[in-house]
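# Structure for the following, please:
(chains A and B)
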Amino acid sequence: MTLRDLLPAFIVFTLLGGCSTLGPTHDIKGPVPLNKTLAEIPEEQLLDAWIELFDPGELPEDEDEAMGLSMDIRDAEARYIPEQLRTTMETTGHWGAVRLVPQDTSGGELLVQGKILASDGEQLALQIKAFDATGREWFNRNYEEELDEGVYKTRGVNSLASDSDVFQPLYNTIANDLAEFRRTLSATDISTIRQVAELRFAADLAPDAFAGDLAVDAKGHYTVVHLPAANDPMYQRVLAIRDRDFLLIDTLNGHYDNFCREMETPYSEWRKARSEEAAALRKVKNDALQRKLLGVAAILGAIVLETSNNGNYSSSVLRDTLVLGGAYAIKTGFDKDSETDIHRDAIIELDESFSTEARPLVVEVEGETHELTGSAEVQYAKWRALLKRIYESETGFTDS
Amino acid sequence: MDKYNLKIYRSLFAAALLALLPAAAASASDEQLLERLRSDYAAMVSAEADFHSRRERGILYGYEAADYAAYVAGLHRRVAQDCVALRENGLAIPAGLSCPDDPAILIAPAAIDQASEQTATEATATLDSELLEGLGEFDEMLLREQERIKAATPQASAASGGGSGSEGGTAGVSGEPDAASGAETTYGEGAGPGSPRTTVSSSAPPGTPDGHDDDVVARQLREAAEKEADPELKKKLWEEYRKYKAGTS
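Numbering: from 1, shown residues only, chains lettered A, B, ... in the order given. The predicted structure follows:
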């Protein structure tokens, strides 16, 4: 096999390697328009969308890439980023209520799950999965956006917290994909999703009465076997509890709203400052490398000149100049290297400062959420027991 | 016999009669106790049989059932009291009657297990009211929580961002191929850079607050108003929204 034979494979390998680990990427340059409804969708055709708090993912293994990042920041982002997606989806008009929910919350019509793959202020990569209540997976995709250098500068300090998010094209892309999948569903599909969501909630709360109304296959796909009568008293009771479940989620969203409002300014400032420091660090490192390369090249030139020197005076002068110049360039290259420490320290300091600010906010919102969901869980357990007794009283059927 | 002697005889007779009265009274009391026990026992057996008969036929429910059950329980107590009285007087329990092994327990008013005496419909109604009470308490808990959230909401000046605008940069999507596409795409209102977190809906009447600092209740009102198709109802919902905002600002 000759080198010529290997060349195409090499080119393909290189190109693939050049892409991110997320697979083939469809680059979208510039603004991404948001897909909005032109006409109002009838209420019975709207799906409520629940976005789970994101999985914070893991920090990069590479020390340089992980510099200035921390799990405290990731934990804050795992709550902040889905809120940006929620706000984006809410403005499209394609959905009913769009709400954030804690992880492993059941009962939604459309559930969006996300994982942060990368986030450092300059780049955001997310893995997004979407399922509906019937168990149908809408998609499982990775989204990645890398900001153009200087985006933060062009936005200006005053617009940090008032403009749309710097990664808005990414949120728009996710929202558009969800809306596009939604458009492929028929009115019957939508109706079924809503019915299954209701019945899954009912079966969870009163399994004796409603578990048999749903069938689930080995792949976790739900189908409606039987629809309860609209005036079925037990179903009415379950729906009354479901209304409270929505109210609980609305209340939780009040806490998430407050968290994001408090996070917004410090997070925007951190992303901006970190991005600028990272850009400065890259520039200094490039400068240092260039100088070192230049110095090495000069010294190599001097060596070549020395080997071909025929005692010419001018050649000796040039050789000495090249050696001295090369040595100086290498020295200034190393001097430049020491400047990188300044930017590294600045990035680490920014991380510590923002972590200190974000940590108590995360702890607070987590505490509020746990307290509320804990109380609700206790209440739901009581309601489950109560519904069971009502069912037994109404039908005479008991476990025994 | 003169008139004076007659008076003496009468007095002596009265005195003798008075002296004999306690013994006679004691003798009558035993008989009365026995008679009362027989009477109370018969009433108890009859009432209890009637109570169960009516219950089985489904013609006794609600407060009537509870009252009847209380009456039967009262008869049980009276029989128990009679039994205790007989034993205290050293009398044997007549044949054909039975006394509880420990009548003293029954004498104290006993709580009737109303739940076991209820019909299925009554039991369901009781459980329903328990459920409603729980729902009410839960609503109150959430309302208190929402008030707390509202009080803790940061100032509106810090509350912005989000929106649906587009920024410079490169966005990519990878993974599965796209699903069907072709939906109308438009920037629409508030879609460009710099859009506030909550945009003013085109259906909002002039003078309606922009909603950037909406709490949960306001947001629900706003959403309801935006989604409402009936113009009259929509107008009322916007009014409610404005009133609520005015009351909370």
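
# near chain B, which residues of the stretch 251-400 of chain A?
Proximity of the stretch 251-400 of chain A to chain B, by C-beta under 8 Å from any C-beta of the partner chain, involves residues A:251, A:253-255, A:257-258, A:261-262, A:264-265, A:268, A:372, A:375-376, A:379, A:382-383, A:386-387, A:389-390, A:393-394, A:396. Any C-beta I mention is one placed from the backbone N, CA and C, and that applies to glycine too.

# so of those residues, which ones are in helices?
Residues of these located in helices (DSSP state H): A:251, A:253-255, A:257-258, A:261-262, A:264-265, A:268, A:372, A:375-376, A:379, A:382-383, A:386-387, A:389-390, A:393-394.

# Any of these buried? List them.
Among those, the ones that count as buried by 16 or more other C-beta atoms under 10 Å in any protein chain shown are A:251, A:253-255, A:257-258, A:261-262, A:264-265, A:268, A:372, A:376, A:379, A:383, A:386-387, A:389-390, A:393-394.

# what about the stretch 201-350 of chain A, any weak spots by pLDDT?
Residue ranges of the stretch 201-350 of chain A with pLDDT under 70: A:309-311, A:313.

# pLDDT on stretch A:193-200, on average?
For stretch A:193-200, the mean pLDDT works out to 96.

# Skipping its backbone neighbours, what lies nearest residue A:394 in space?
residue B:124 (5.6 Å; C-beta to C-beta, 6 or more residues apart in numbering or on different chains).

# Worst mean pLDDT across the helices and strands of chain B, which element?
strand B:170-175 (a mean of 55; mean pLDDT, DSSP states H and E).

# what's the distance between the one helix or strand residue A:326 maps to and the middle of its chain?
Residue A:326 is part of helix A:313-395, with elements assigned from DSSP states H and E. Centroid displacement of helix A:313-395 relative to its chain, using C-alpha atoms, centre = their mean, to the nearest Å, is 14 Å.

# counting contacts, what elements does the helix or strand residue B:239 falls within pack onto?
According to DSSP H and E, residue B:239 maps onto helix B:231-248. Counting contacts by 3 or more C-beta pairs under 8 Å, 6 or more residues apart in numbering or on different chains; DSSP states H and E, helix B:231-248 packs against helix B:216-227.

# average pLDDT across the helix it packs on?
77.

# That one vs helix B:231-248, what angle?
160 degrees (axes from the mean of the first three to the mean of the last three C-alpha atoms, to 10 degrees).

# Does helix B:216-227 reach chain A?
Yes. Interface with chain A: helix B:216-227 contributes B:216, B:219-220, B:223, B:227 (C-beta under 8 Å from any C-beta).

# For that helix, buried residues please.
B:216-223, B:225-227.

# Now those in CSV, please, with extra columns for distance to residue B:33.
Below are the buried residues of helix B:216-227 laid out as CSV (distance: C-beta to C-beta, whole Å):
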residue, distance to residue B:33
B:216, 72
B:217, 71
B:218, 76
B:219, 77
B:220, 73
B:221, 75
B:222, 79
B:223, 78
B:225, 79
B:226, 82
B:227, 79
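
# List just the nearest of the residues you listed to chain A.
For those, the minimum distance to chain A (C-beta to the nearest C-beta) is 4.7 Å, reached by residue B:216.

# what's the distance between residue A:364 and residue B:144?
18 Å (C-beta to C-beta, to the nearest Å).

# Burial check on the residue of the stretch 1-150 of chain A found nearest chain B, number of neighbours?
Of all residues in the stretch 1-150 of chain A, the one sitting closest to chain B is residue A:31 (3.0 Å; C-beta to the nearest C-beta). By the criterion of other C-beta atoms under 10 Å in any protein chain shown, residue A:31 has 19 neighbours.

# Tell me the secondary structure of residue A:164, please.
coil (DSSP: H, G, I helix; E, B strand; the rest coil).

# Find me the pLDDT at it, would you?
Reported pLDDT for residue A:164: 81.

# any idea how far residue A:343 is from chain B?
Going from residue A:343 to chain B by C-beta to the nearest C-beta, to the nearest Å gives 23 Å.

# Spatially, and excluding backbone neighbours, which residue is closest to that residue.
Residue A:343 sits nearest to residue A:281 (C-beta to C-beta, 6+ apart), 3.9 Å away.

# Could you tell me how many residues sit around that neighbour?
Counted by other C-beta under 10 Å, the residues lying close to residue A:281 total 21.

# residues touching it, list them.
In this structure, residue A:281 makes contact with A:340, A:343-344, A:347, judged by C-beta atoms under 8 Å, 6 or more residues apart in numbering or on different chains.

# got it, and residue A:112?
A:49-52, A:82, A:85, A:128-130, A:178.

# Export these as a markdown table, with columns for secondary structure, distance to residue A:187 and neighbour count.
Formatted as a markdown table, the contacts of residue A:112 follow (DSSP: H, G, I helix; E, B strand; the rest coil; distance: C-beta to C-beta, whole Å; neighbours: other C-beta atoms under 10 Å in any protein chain shown):
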| residue | secondary structure | distance to residue A:187 | neighbour count |
| --- | --- | --- | --- |
| A:49 | strand | 18 | 25 |
| A:50 | strand | 21 | 23 |
| A:51 | strand | 24 | 24 |
| A:52 | strand | 27 | 19 |
| A:82 | helix | 29 | 25 |
| A:85 | helix | 26 | 27 |
| A:128 | strand | 26 | 25 |
| A:129 | strand | 25 | 16 |
| A:130 | strand | 20 | 22 |
| A:178 | helix | 18 | 26 |
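
# Turn those residues into a markdown table, columns for distance to chain B and pLDDT.
Compiled in a markdown table, the contacts of residue A:112 are given as follows (distance: C-beta to the nearest C-beta, whole Å; pLDDT from 0 to 100):
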| residue | distance to chain B | pLDDT |
| --- | --- | --- |
| A:49 | 13 | 96 |
| A:50 | 15 | 96 |
| A:51 | 13 | 97 |
| A:52 | 18 | 96 |
| A:82 | 12 | 96 |
| A:85 | 10 | 96 |
| A:128 | 9 | 95 |
| A:129 | 10 | 95 |
| A:130 | 10 | 96 |
| A:178 | 9 | 96 |
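
# Out of the residues you listed, which is nearest to residue A:285?
residue A:128 (33.3 Å; C-beta to C-beta).
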